[in-house]
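Undergrad: Give the three-dimensional model of this entry:
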Amino acid sequence: MINIIPRQLDAVAVAIVSCIVIATCSAATPAPTLGPATTHYDFNVSVAQRAPDCFEKGVLVVNGEFNKLIEVVQGNVLEVVVYNNLPVDWPLVSEGISIHWHGFSMNGAPWYDGVGYLAQCPIKAGANFTYRFQVNEEPGTYFWHGHAGMEKVDSFFGPLIVHSPPGAPAPAQYDEERILLLSDNYHAESAPLTFALNRPFDSNKVTNTSGAWDWVGVPQSTLLNGHGFYGDCGLLAGSNTAIPPKCNVSLQWVPPGRSSVQPFASPKNPGCSRYNMTVEAGKRYRIRMINAGSLLFYTVCFDKHNVTIIAADAYPTNPLPVTCVDINLGQRYDVLLHANQPPRNYWISALAQNATRTGSPGGYGVLRYADAPSALPSEPIMQPESIPAWTFGVVHAITTLDALLNPQTIPLGTVLPKNESSLRPPNRTHVLNVNLTQPLLPSGQLRWALNNVATYGTPTCLPTLGQLQSDPSFMSRMARETRSDNSTNVDMMQSGSADRVALYLDDGSPAPSYPVAGQRFMPLRTGDVVDVGIQNMAANANGGDYRGGGVGANRTAQEQHPFHMHGHHFWVLGYGLGSFNASTNSSSLNYINPAFRDSFTIFKNGWTVIRFKADNPGVWILHCHTDWHLFMGQKMYFSTSPEAAAPPPKDLPQCSSSCMYNFGAFTPNFVQSRWGSSGFSV
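TA: Residues are numbered from 1 along each chain as shown. Just a heads-up that it's a prediction; the model follows:
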């Protein structure tokens, strides 16, 4: 169980926060008379037609709401009953839906983490499932999203805020709060976009029936709290052009129907509006910033206003003034904004970083002072090339709040790793070095791999955690020798059972010599402290392209990758460019006050080193939060003392006898037979 340092609670707080939450109850604390309160939500999940950027498409909504907000008090039980009311012909790359509570450790409740087939089977159409667990998490900013397949791309996500119990000290002084939820928006549904990622990338293996690989491209718009305009920027074909979009924003609101002022709007356009964040002059605002998108790494600016970072991924940081905020996929920043400028309207800009996805659309909102006219700001909007990305100096300056590093000063109520008295990093016991590549498998499929293993998103047809608990020999029995294994085309299977999925273990064994498809696990014991160093390598490194004639040899590009770890926060010890060398780069690592996070960035031609404590029995995924890369295999698992995890709830969603692999071919004929015309892009 995670440690939560007790605070002196008033009578109301004592009534709702039990010693189950307060892991170290002092003798002076009176015994509560009631258990923790329950915060209940019903999630009726269905498909609705929405046009957040004036272009109508099908999205997933909860109770008819777009990006539904969840709020809960630390220590309360969160109960969410999910009813899957999706049509049976709604195309999904995994059968059913699930919900992940992004940033929650789920310590003691691994079965509710929400990764499809890892701890639960997805919730099938027409069925329901109740997530019920106590929120033993650091108060702060999180979000929830689908994690069975690609349903997050279809807007199945929303903010998740954990508030401090009554009487808790405020982490910072401010007057009001605002949420700024960032997301990128495609006009096609996720499944049709995803299917083409599994078709042959190698043109020599494309047939009349296979179809060919096709990249999803850049999204059509950027949304701020669900509001955006398609057509704000002149969209450029593809995502590799060096010319950023030029934007000339002139509209505050677009009326329904076809319009000469918004020619990009869909014929059924019901109208759309720009997001307005209203503030009062002189007040200080805590802005909870969340990047819930699928592709874009944003730089967010509030024109004429600097902000101060006070928390990263929920945990307090030393205050850091910045002009703009670089926020990658899965990350959250809490910032303070002082409304101290002349009371009028100012631009809020969310721009995709030029070095990552040039040609991507920006998103624009209005920071509107109360009583200012409802109009757009008079200043020109910011252009992507005018806003430089953070330097490593800024990234390194995001450090854990000093008060959290000393047991004598740590705020009461702080959530700590088990058996730790502060957030100073403990000494490591294990090291895992991971090479990140983009191999071309013998099947002709393009994948993403860690240590030459492209990992399935459907590990087994039964929850993997259950397999490990019921069959202690499962991992060793399924483990494959680390050798060149070009003989299998298991990655092209459309469906199958667990027995055909090989495991590759990070237990001291060398990585496979050539890229393979399977499952990559690192087995751990409770209490281990692991350094994970991830090296961003050329796409074709480690034998990653079998094509001769210079074609494969020339595929050397790299991308940045936003990684997220389930079940843990971790210390980000350092970043760098080039190849990591322990003898020369170790001195640059921060062992004193590194940020304590759950999401981090692997930069182009770079490396990142994190450290985490394996204090949470279960099976946990480490993966890229670019949804398309996750689908293509960029993930691995940590198995920590699975026998010590709680037994599975009796009401877990029912599993099928066979499951559909996310590495399946998804040929046009298969899509047509399975979903009909609904499986194709418009």
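
Undergrad: SS state for the closest residue to Ser588 other than its chain neighbours?
TA: Excluding its sequence neighbours, the residue lying closest to Ser588 (C-beta to C-beta, 6 or more residues apart in numbering) is Gly574, at 5.5 Å. In this view, the C-beta of every residue, glycine as well, is placed from N, C-alpha and C. Secondary structure, DSSP: H, G, I helix; E, B strand; the rest coil: Gly574 is strand.

Undergrad: before we move on, what about Met475?
TA: Per three-state DSSP, Met475 ends up helix.

Undergrad: swap in Leu296?
TA: coil.

Undergrad: Run a quick neighbour tally on the spatially closest residue to Gly96 that is not a sequence neighbour.
TA: Nearest residue to Gly96, sequence neighbours excluded (C-beta to C-beta, 6+ apart): Pro122, at 2.8 Å. Using other C-beta atoms under 10 Å, Pro122 has 28 neighbouring residues.

Undergrad: Likewise for Ile592?
TA: Neighbour number of Ile592 under other C-beta under 10 Å is 10.

Undergrad: ok, now Asn345?
TA: As a burial measure, Asn345 scores 20 neighbours (other C-beta under 10 Å).

Undergrad: Report the contact partners of it.
TA: Val366, Leu367, Arg368, Tyr369, Ala372, Pro373, Ala375, Leu376, Pro377, Ser378 (C-beta atoms under 8 Å, 6 or more residues apart in numbering).

Undergrad: need the contact list for the residue nearest to it when sequence neighbours are not counted.
TA: Of all residues beyond its chain neighbours, the one nearest Asn345 is Pro377 (4.5 Å), with distances taken as C-beta to C-beta, 6+ apart. Pro377 is in contact with Asp303, Arg344, Asn345, Tyr346, Trp347, Val366, counting by C-beta under 8 Å, 6+ apart.

Undergrad: and of the residues you listed, the nearest to Val453?
TA: Trp347 (44.7 Å; C-beta to C-beta).

Undergrad: where does the residue nearest to Asn345 land on pLDDT?
TA: On the pLDDT scale, Pro377 is placed at 93.

Undergrad: ok so, going back, quick one: the residue nearest to Gly96 and Phe129, what's the gap?
TA: 9 Å (C-beta to C-beta, to the nearest Å).

Undergrad: try Leu440
TA: 38 Å.

Undergrad: Also Trp213?
TA: Distance from Trp213 to Phe129, by C-beta to C-beta: 35 Å.

Undergrad: okay, these two: which has more neighbours?
TA: Set Trp213 next to Phe129 and count neighbours by other C-beta under 10 Å: Phe129 wins out with 26 against 18.

Undergrad: For the more buried one, give me phi and psi.
TA: phi -150, psi 140 (degrees, to the nearest 10).

Undergrad: how about it, what does it touch?
TA: Phe129 neighbours (C-beta under 8 Å, 6+ apart): Val81, Val82, Gln120, Ile123, Asp651, Leu652, Pro653.

Undergrad: one step back: part of a strand, is the residue nearest to Asn345?
TA: No - the assignment for Pro377 by three-state DSSP gives coil, which leaves it out of any strand.

Undergrad: for the closest residue in space to Val77 that isn't next to it in sequence, what are its contacts?
TA: For Val77, ignoring the flanking residues on the chain, the nearest one in space by C-beta to C-beta, 6+ apart is Thr38 at 4.5 Å. With contact set as C-beta under 8 Å, 6+ apart, Thr38 has these partners: Asn76, Val77, Leu78, Glu79.
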